[in-house]
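> sequence? don't have it. structure:
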């Protein structure tokens, strides 16, 4: 008789549990219209698929029962490797969130960046008695997270004070020791930096990876710099000191000074083959022989922002078809996460697209280059390309320029705005790697060079100068020059550049001393691995 | 060292960032600026920020700070008194996306009685401008506003609520507040009427 009773008891208990689970699941669905609507929007608008998180439902059920750290429930959806890139005409996510969540939900944070990873962050909050609910939507070009969480702040505080789950202690207080003042932050401590305030690497790291807008300023005269802490990749910090003197009446002054030097570094083995598995700790950076502390690192597979610069001057006109086809194939072989802008130049700088991951769009604009023709302002166009890359916050930047390099200035008949020396000096200071693809002048020009060569620079001498200049640009920036003397070489050159781009690591450091004496600071990078060598730009001018 | 962080970790960092904003930016509804009109600039901006942390949320944030730790207790006191922290910011690719009138709408509010401009920095080289205003009622600071702009960006920070600068000074070296910040607030020259 005991046995059936026991079975009945178990069955009743099991039925009750299933009913409870269903009720909770139903309630969750009913109350969670906001969350559900956002997830639906991502699934329908972007055709995105959620990442399957094992036991998420069970975890949610457990949280509802156990309520750890005051958390009463959560809903989470993660999307990875999808295409959430910003498109023209997209409905702003504020509107989507506002439609999904009723007016009891108040916007707390709205951040949108169309740069780099295209971060969009929306946080809404709602008070429900003693509880608080947060709804978070974080979107990047390739990832998204939707989170809704309800928690009791008082219970959370109690948990931090005395971490217990279901009455079982799980350790000491998470909130640290009582009566002990916090240690000074790395930012503000240290006699070495008597009046130097440098954002903590952790803060910079977090903001940099997030690609988020800068933290808001504290109440101090240093407010300006706190709004704009240096980020890796920010041109103002990459090669120029950020120096802000804020003067308040009556002699009080705070001087804030910092600099980040960004490096794109290639590691090679003895055979000259790229090494793509170098760990951050294996890199050692020296500036004028002094070891520097590397504060930021990005691996070879991190996205690259690149400008594909096409010389459409008269000297390349006969080879347009080959240029188009090779450029299209180049776009095809680039990893999907790379951001590309296509620019044509003659005497004018002509952006054909802004930075985009839309390969179809990139390839479609290449069709329209046939009609463009003119003289050559190579230096000025490179200058403008550097200006454009300067506006990006991401440090991984490159220019791939397909040109014969024959700027009108070489013959001094029609000088351009910038001289080569100016361009080279600037390029050597920027964190942009330049890959020239040397496309030799068309046959007609070569013939003219043979006929008229000797007395003037037309022909071989002009080509020689142009080629040397391209070589210098590549060498100074840690890039490589590729030859495409013949049309059939073009495709191979592009393929090699595409492969080369993702052999670059990005490192950043803050120099120990800033002298502002205009002298050149020589940079060298070593790899702590047998037979490995590193290649990067040669240095920068300390201005 | 940074390796690519999962989105969840980024979320965590972002939450910390928001909390830090609330802590490091000290901040009465009387000092609250009307800056919602800046929302119309958002669609064309390459980067936009809108943070709106009200008093209730600041109180919740304050709960997480201990009363028995001297530094945290100070920060808790500051936070508990605040009524709100509001930030709006936009950055553009090119110049001319916002007008002088957009800046003047903030400045006009900051010319109202009670607001004093205490810091004004203009860089001819970078064409950057920083203006810091305090709302002072009697001897108490009840609001802080910061206006930062150059031809391509505009940021407005508005902290509302009583702020004791002495307490902030005591927090030097903590929560990201510079250790060497050495203000003698009693000597801050008051300039009525804004700019």
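Sure, I can see it. Computed from a prediction, not measured in an experiment: that's the story for all the values here.
> low-scoring stretches of chain B, by residue?
B:1-29, B:168-195 (pLDDT under 70).
> Check whether the residue positioned nearest the centre of chain B sits in a helix, strand or coil.
By CA atoms, centre = their mean, the mean C-alpha position of chain B lies nearest to residue B:157, the distance being 3.8 Å. What DSSP: H, G, I helix; E, B strand; the rest coil gives for residue B:157 is strand.
> Which strand residues bridge it?
On the basis of DSSP bridges, residue B:157 is bridged to residue B:87, residue B:146.
> Hmm, it is touching residue B:146, no?
Yes: using CB atoms under 8 Å, residue B:157 is in contact with residue B:146, at 4.2 Å. All C-beta atoms are positioned from the backbone trio N, CA, C, and that covers glycine.
> give me the residue from the stretch 251-400 of chain A nearest chain B.
Using CB to the nearest CB, the single residue of the stretch 251-400 of chain A nearest to chain B is residue A:280, 3.8 Å away.
> Could you give me the buried positions within stretch A:339-355?
For stretch A:339-355, the buried set under the neighbour-count rule, 16 or more other CB atoms under 10 Å in any protein chain shown, comprises A:339-346, A:349-350, A:352-353, A:355.
> Pull out the buried residues from stretch B:43-57.
Neighbour-count burial for stretch B:43-57 flags B:45, B:46, B:47, B:48, B:49, B:50, B:51, B:52, B:53, B:54, B:55, B:57 (criterion: 16+ other CB under 10 Å).
> hmm, that stretch in reach of chain A?
Yes: using CB under 8 Å from any CB of the partner chain, stretch B:43-57 reaches chain A at B:43, B:45-54, B:56-57.
> what about that stretch, distance to the chain center?
Centroid displacement of stretch B:43-57 relative to its chain, using CA atoms, centre = their mean, to the nearest Å, is 12 Å.
> ok, and what's touching it?
A:92, A:106-115, A:125, A:127, A:132, A:213, A:216, B:18, B:21-22, B:39, B:41-42, B:61, B:82-93, B:97, B:155, B:161 (CB atoms under 8 Å, 6 or more residues apart in numbering or on different chains).
> tell me how far the ends of that stretch are from each other?
End-to-end distance for stretch B:43-57, by CA to CA, to the nearest Å: 28 Å.
> Restricted to strands, list the contacts of stretch B:43-57.
Taking DSSP state E, the ones among the contacts of stretch B:43-57 that sit in strands are A:106-113, A:125, A:127, A:132, B:84-91, B:155, B:161.
> Buried only: go through these for me.
A:107-113, A:125, A:132, B:84-91, B:155, B:161.
> coming back round to it: quick check, nearest of the buried residues of stretch A:339-355 to residue A:272?
residue A:340 (27.2 Å; CB to CB).
> residue ranges of the strands in chain B, please?
B:47-54, B:84-91, B:115-123, B:128-137, B:140-150, B:153-163.
> What helices and strands are in contact with the fourth one?
Where contact means 3 or more CB pairs under 8 Å, 6 or more residues apart in numbering or on different chains; DSSP states H and E, strand B:128-137 is packed against helix A:223-227, helix B:100-110, strand B:115-123, strand B:140-150.
> out of those, deepest packed?
helix A:223-227 (a mean of 24; mean count of other CB atoms under 10 Å in any protein chain shown).
> Torsion angles phi and psi at the nearest residue to residue A:428 once chain neighbours are set aside?
Nearest residue to residue A:428 in three dimensions, chain neighbours excluded: residue A:476, at 4.1 Å (CB to CB, 6 or more residues apart in numbering or on different chains). In terms of degrees, to the nearest 10, the main-chain angles of residue A:476 are phi -70, psi -20.
> burial of residue A:476, as a residue count?
20 (other CB atoms under 10 Å in any protein chain shown).
> Kindly report the same for residue A:371.
7.
> Likewise for the one 5 residues further on?
By other CB under 10 Å, 27 other residues sit near residue A:376.
> which SS state does it fall under?
Once three-state DSSP is applied, residue A:376 turns out coil.
> before we move on, what about the one 5 residues further on?
When the structure is split into helix, strand and coil by three-state DSSP, residue A:381 lands in helix.
> What residues does it make contact with?
A:309, A:343, A:345, A:349.
> Inside helices: which ones of those?
Among the contacts of residue A:381, none falls in helices (DSSP state H).
> which SS class is residue A:103?
Under the three-state scheme (three-state DSSP), residue A:103 adopts coil.
> got the contact list for stretch A:94-104?
By CB under 8 Å, 6+ apart, stretch A:94-104 touches A:33-35, A:37-38, A:41, A:107, A:110, A:122, A:124, A:126-127, A:135, A:137.
> out of these, what pair is the most spread apart?
Farthest pair in the contacts of stretch A:94-104 (CB to CB) is A:41 and A:127. Separation: 25.1 Å.
> for the helices and strands packed on strand B:128-137, which one sits closest to residue A:401?
Smallest distance to residue A:401 across those (CB to CB): 30.3 Å, for strand B:140-150.
> Report the inter-axis angle for that closest one versus strand B:128-137.
170 degrees (axes from the mean of the first three to the mean of the last three CA atoms, to 10 degrees).
> Can you spell out which helices and strands pack onto strand B:140-150?
Checking 3+ CB pairs under 8 Å, 6+ apart, strand B:140-150 ends up next to helix A:223-227, helix B:100-110, strand B:128-137, strand B:153-163.
> 6 Å instead?
helix B:100-110, strand B:128-137, strand B:153-163 (3 or more CB pairs under 6 Å, 6 or more residues apart in numbering or on different chains; DSSP states H and E).
> So what touches the shortest one?
This points to strand B:128-137. Contacts with strand B:128-137, where a contact means CB atoms under 6 Å, 6 or more residues apart in numbering or on different chains, come from A:223-224, B:31, B:110, B:114-122, B:141-150.
> Given that strand, what are its sheet partners and their directions?
Assessed with DSSP bridges, strand B:128-137 is paired to strand B:115-123 (antiparallel), strand B:140-150 (antiparallel).
> and residue A:341, what is it in contact with?
Residue A:341 touches A:307, A:353, A:354, A:355, counting by CB under 6 Å, 6+ apart.
> Greatest separation within the buried residues of stretch B:43-57: which pair is it?
Greatest spacing in those, by CB to CB: B:46 and B:55 (32.1 Å).
> Could you report the distance from residue A:435 to chain B?
24 Å (CB to the nearest CB, to the nearest Å).
> Okay, and residue A:323 sits in which element?
Assignment of secondary structure by DSSP states H and E places residue A:323 within helix A:320-333.
> Mind checking the pLDDT average for that helix?
Mean pLDDT, helix A:320-333: 83.
> Buried ones among the contacts of stretch A:94-104?
Buried by 16+ other CB under 10 Å: A:34, A:35, A:37, A:38, A:41, A:107, A:110, A:122, A:124, A:126, A:135, A:137, out of these.
> what would the residues you listed look like in CSV with pLDDT?
Converted to CSV, the buried ones among the contacts of stretch A:94-104 look like this (pLDDT from 0 to 100):
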residue, pLDDT
A:34, 85
A:35, 87
A:37, 88
A:38, 89
A:41, 87
A:107, 88
A:110, 88
A:122, 91
A:124, 91
A:126, 86
A:135, 90
A:137, 91
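> and for stretch A:425-438, what are the contacting residues?
Contacts of stretch A:425-438 (CB under 6 Å, 6+ apart): A:238-239, A:262, A:264, A:386, A:389, A:395, A:397-402, A:467, A:470, A:473-474, A:476-484, A:493, A:497, A:540-541.
> Let's see which of the residues you listed end up in helices.
A:238, A:386, A:389, A:467, A:470, A:473, A:474, A:476, A:477, A:493, A:497.
> Name the nearest of these relative to residue A:293.
Looking across the ones in helices among the contacts of stretch A:425-438 and measuring by CB to CB, the closest to residue A:293 is residue A:238, at 16.7 Å.
> Find me the pLDDT at the closest one, would you?
As summarised for this prediction, residue A:238 has a pLDDT of 36.
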